[in-house]
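> Fold the stuff below for me.
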Amino acid sequence: MNDYNLTNKQFLWAEYYIQYHNGTKAARLAGYKGDDNALAVIASRNLRNAKIRAYLADRYKEFAMTSDEVLMRLANIARASLTDYCAEDGTVDWKKVHKDGYAFKSVKKGSKLEFESKLRALELIGRAHAMFTDKIAPTDPTGTKEFGADTRSDLIGRLISSSAATATDGEIEEADD
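Model prediction:
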């Protein structure tokens, strides 16, 4: 807090803003006075304050995930197996479930574990590595036809028309011998 020279209210406002993502509510909780309109003005001013913005940026960096961490978690989801979360006696190892909670879509203690989609995790990993292309054939400049979808006669017709367009006075130029 001291590194940013924030007042106590500014510091509290920033912390509440991080928690609730609502500037008006953060202003009220930090002890600012006024109706919702006045608190919204305070929140707007705080969001434009360079010291508060610097503090928020640094605090958000603490929560940010690197791209490597995202890929690691997706890989864990793709590789997850029910046996990874079972104790030797066949019961669920709830400590491990809690630790790797992101691998589960839903958890009902004592009855049900539902994994996140392994296929979706693999898809996201593949996209991160640019392994897939959504569109294979480029379209012509008008966007009406894909070049890869052309028939042989379409290509020949296009070549003939482009040759004719380069001719002078409607006649194709002949090369000098």
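> contacts and neighbour counts: CA atoms only from here.
Will do.
> Spell out the residue ranges of the helices in the protein.
Along the chain, counting by DSSP state H, helices occupy 8-20, 23-30, 36-48, 50-63, 67-79, 94-99, 118-128, 152-165.
> who touches the shortest one?
I take that to be helix 94-99. residue 85 (CA atoms under 8 Å, 6 or more residues apart in numbering).
> what's the weakest-modelled helix or strand in the protein?
helix 152-165 (a mean of 65; mean pLDDT, DSSP states H and E).
> Could you give the backbone dihedrals for the closest residue to residue 85 other than its chain neighbours?
Excluding its sequence neighbours, the residue lying closest to residue 85 (CA to CA, 6 or more residues apart in numbering) is residue 93, at 5.3 Å. In terms of degrees, to the nearest 10, the main-chain angles of residue 93 are phi -90, psi 90.
> Residue 83 is in contact with residue 93, correct?
No - when contacts are counted by CA atoms under 8 Å, residue 93 is not listed as touching residue 83 (9.8 Å).
> quick one: low-confidence parts of the protein?
Along the chain, the model assigns pLDDT under 70 to residues 1-2, 109-111, 133-156, 158-159, 162-177.
> quick check: domain ranges of it?
Domains of the chain are assigned by automatic domain parsing as 2-63, 67-128, 135-166.
> Tell me how many other residues crowd residue 112.
Neighbour count of residue 112, defined by other CA atoms under 10 Å: 10.
> now it, nearest residue through space, not along the chain?
Among residues not flanking residue 112 along the chain, residue 106 sits closest, at 7.9 Å (CA to CA, 6+ apart).
> Same question for residue 77.
residue 103 (5.0 Å).
> residue contacts, residue 78?
117, 118, 119, 121, 122.
> now those as a markdown table including neighbour count and distance to residue 26?
Formatted as a markdown table, those follow (neighbours: other CA atoms under 10 Å; distance: CA to CA, whole Å):
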| residue | neighbour count | distance to residue 26 |
| --- | --- | --- |
| 117 | 15 | 36 |
| 118 | 17 | 39 |
| 119 | 11 | 40 |
| 121 | 20 | 36 |
| 122 | 17 | 39 |
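> What is the nearest of the residues you listed to residue 63?
Here the nearest of the contacts of residue 78 to residue 63, counting by CA to CA, is residue 121; it sits at 21.6 Å.
> circling back: neighbour count winner among residue 93 and residue 83?
Between residue 93 and residue 83, residue 93 has the larger neighbour count (other CA under 10 Å), namely 15 against 12.
> thinking again about what came up before, just list the residues touching the residue nearest to residue 85, thanks.
Shown in contact with residue 93 (CA under 8 Å, 6+ apart): 85, 86, 87.
> Pull out the buried residues from those.
residue 85 (16 or more other CA atoms under 10 Å).
> give the contact list for the nearest residue to residue 74 once chain neighbours are set aside.
Spatially, and ignoring its direct neighbours in sequence, residue 74 is nearest to residue 121 (5.2 Å; CA to CA, 6+ apart). Residue 121 makes contacts with 74, 75, 77, 78, as judged by CA under 8 Å, 6+ apart.
> Cool, thanks, signing off.
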